[in-house]
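**Student:** The sequence isn't on hand, but the structure is:
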């Protein structure tokens, strides 16, 4: 059963059915609560049964997630969640598999598993809780921490260039990438639902606030006063327009993206790029995930979603079926009576 077939189930579940009976032990005000609520809600929308859903995590504050949702779950080792989730999906393709991870868990020790899961395009969903810090281990800088950030492990400021998760996804031949912020429940639900419906590996980066060790790290894109000018919500088939006055747009000049003001210097709305997340060869997706302040707004929404690569698990199942068809050995009895166990 694929992710997209769950809504055919007859038993209708509610949000209460997916709520864990135990307490949720994140810090008060943590952005993780918003992500949990969004996932809970879309599971209801998809119509899935609890027995068909598995949440897998590694280590970190985000990785407590399987305890807080009433489905099957697996709390793995640091950085190994993607490998475990991949194995579960391949072993039982009918399951809907979610990998919950953080910027440290996925981008550092789990980086190798992360990129190869995406490269294989296994039909599973990855949600990255990106607070740009190691929260569980009390405030060390992570692979996504901005240059200059002062932390417990960088008292003079981070000197490394940070990873951009979307850039890694594109480089690993990813077929789906979306970004949202934890302060916008509607946006969160929309992108996570789109990820669940995608056929292949979906990656959703949630810009999530850590109130204890990196508070307000995303304030420029989440604060009510600044978010309209500092973010752009991309929607398929719609022009890339943003700003409080809805008069700024993303255009192309000399093969480079730029921000232009509609009505100035002869710029018309028709000059603004129209978002197409489905184009498999669109280098614009790569450029969009790299946009950042102050030159550009931060791109939100579904940035890439193309059916350009068959999922690994489907190819794997087909290969197994083809090998079985050609093999003389159909069962254990055939093997035991073959006369030569090495002659398969």
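**Tutor:** Done, it's in. Keep in mind that this is a model prediction, so the values were computed, not measured.
**Student:** Next, count neighbours for residue 269.
**Tutor:** Look at residue 269: counted by other CB atoms under 10 Å, it has 12 neighbours. For glycine as for every other residue, the C-beta is placed from the backbone atoms N, C-alpha and C.
**Student:** hang on, I meant residue 121
**Tutor:** By the other CB under 10 Å criterion, the neighbourhood of residue 121 contains 24 residues.
**Student:** quick one: low-confidence ranges for the stretch 1-150 of the chain?
**Tutor:** Applying pLDDT under 70 to the stretch 1-150 of the chain flags the ranges 1-11.
**Student:** And the helices in it, which stretches?
**Tutor:** 15-18, 32-46, 81-91, 103-104, 111-120 (DSSP state H, counting those that start in this stretch).
**Student:** Just say which of these is most tucked in.
**Tutor:** helix 103-104 (a mean of 28; mean count of other CB atoms under 10 Å).
**Student:** hmm, back to that, so which of the helices of the stretch 1-150 of the chain is nearest residue 183?
**Tutor:** Ranking the helices of the stretch 1-150 of the chain by distance to residue 183, with CB to CB as the measure, places helix 32-46 first at 7.2 Å.
**Student:** Check the offset of that closest one from the chain's centre.
**Tutor:** 14 Å (CA atoms, centre = their mean, to the nearest Å).
**Student:** what packs against that helix?
**Tutor:** Using 3 or more CB pairs under 8 Å, 6 or more residues apart in numbering; DSSP states H and E as the contact criterion, the secondary-structure elements in contact with helix 32-46 are helix 15-18, strand 125-130, helix 185-197.
**Student:** list the helices and strands the shortest one packs on?
**Tutor:** Counting contacts by 3+ CB pairs under 8 Å, 6+ apart, the secondary-structure elements packed against helix 15-18 are helix 32-46.
**Student:** sorry, back to before: which of the helices and strands packed on helix 32-46 sits most buried?
**Tutor:** Highest mean neighbour count among these (mean count of other CB under 10 Å): strand 125-130, with a mean of 28.
**Student:** after that one comes which helix or strand?
**Tutor:** Elements were assigned by DSSP states H and E; along the chain past strand 125-130, the next helix or strand is helix 165-171.
**Student:** Could you list every helix and strand in contact with that following helix?
**Tutor:** Judged by 3+ CB pairs under 8 Å, 6+ apart, the packing partners of helix 165-171 are helix 111-120, strand 176-181, strand 202-207, helix 284-290, strand 298-305.
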